[in-house]
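Here is my input, please return the structure:
(one chain, ligands or ions: 1)
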Amino acid sequence: MAEDLHIIQGDKKTQYETLIPQIQGLLTGESNLVANLANVAAALKEQFNWFWVGFYWVIENELVLGPFQGPVACTRIKKGRGVCGTSWEKEQTIIVEDVEKFPGHIACSSLSKSEIVVPLFHQGKVVGVLDVDSSELAQFDAIDQLYLEKIVGFIPVS
Ligand code: SME
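Sure thing, here's the model as predicted:
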């Protein structure tokens, strides 16, 4: 597909619905994991302009920073630590309306106010997480969960 993303205004659902086929286009025919994670992070950042969008990958029982868009971030997170490590441990998406109220939240930046973390699975095990941070409180809800879970499900992780 063309490398230019078609960015639209509108409600969140419409933005996701327009973005999804473009993300599928970006992933089609490419099997390299880093390339795909990089393009998905970039596409989400470009459409939604969130503060930070990126991936952490499970490597030797730690989450290690992967492709991302946004300010520099902490590189390693242990299982059960922070929002990312909790999502990995619980094997579920976690939505945090106010990061200051999440016990153990890892503050890579004081500008991050709310967060959603979505795990990626391969053969039933968490292999990485998508982490999205907003500089606004309570930016993520069940709509984001639904669509971000769909989007990470398109990424071939074998
Ligand atoms: N806040 C995350 C750490 C990663 S940064 O937000 C990029 C956490 O608590 O797991």
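
contacts, neighbours, all on C-alpha from now
Will do.

Residues of this protein that sit close to the ligand?
Residues of the chain lying near the ligand by C-alpha under 6 Å from any ligand atom: 73, 82-85, 105-108.

which residues pair with the residue most central in space within the chain across the strands?
Centroid-nearest residue in the chain, with C-alpha atoms, centre = their mean: Leu130, separated by 2.7 Å. With DSSP bridges as the criterion, Leu130 is bridged to Phe55, Val118.

Could you pull up the residues touching it?
In this structure, Leu130 makes contact with 53-56, 117-120, 152, judged by C-alpha atoms under 8 Å, 6 or more residues apart in numbering.

can you do 7 Å?
Residues near Leu130 by C-alpha atoms under 7 Å, 6 or more residues apart in numbering: 54-56, 117-119.

For those, work out which two are farthest apart.
Largest separation among the contacts of Leu130 by C-alpha to C-alpha: Gly54 and Pro119, giving 11.9 Å.

And those two? Which one has more around it.
More crowded of Gly54 and Pro119, by other C-alpha atoms under 10 Å: Pro119, with 28 against 24.

Skipping adjacent residues, who's closest to that one in space?
Nearest in space to Pro119, with sequence neighbours left out and distances taken as C-alpha to C-alpha, 6 or more residues apart in numbering, is Val129 at 4.2 Å.
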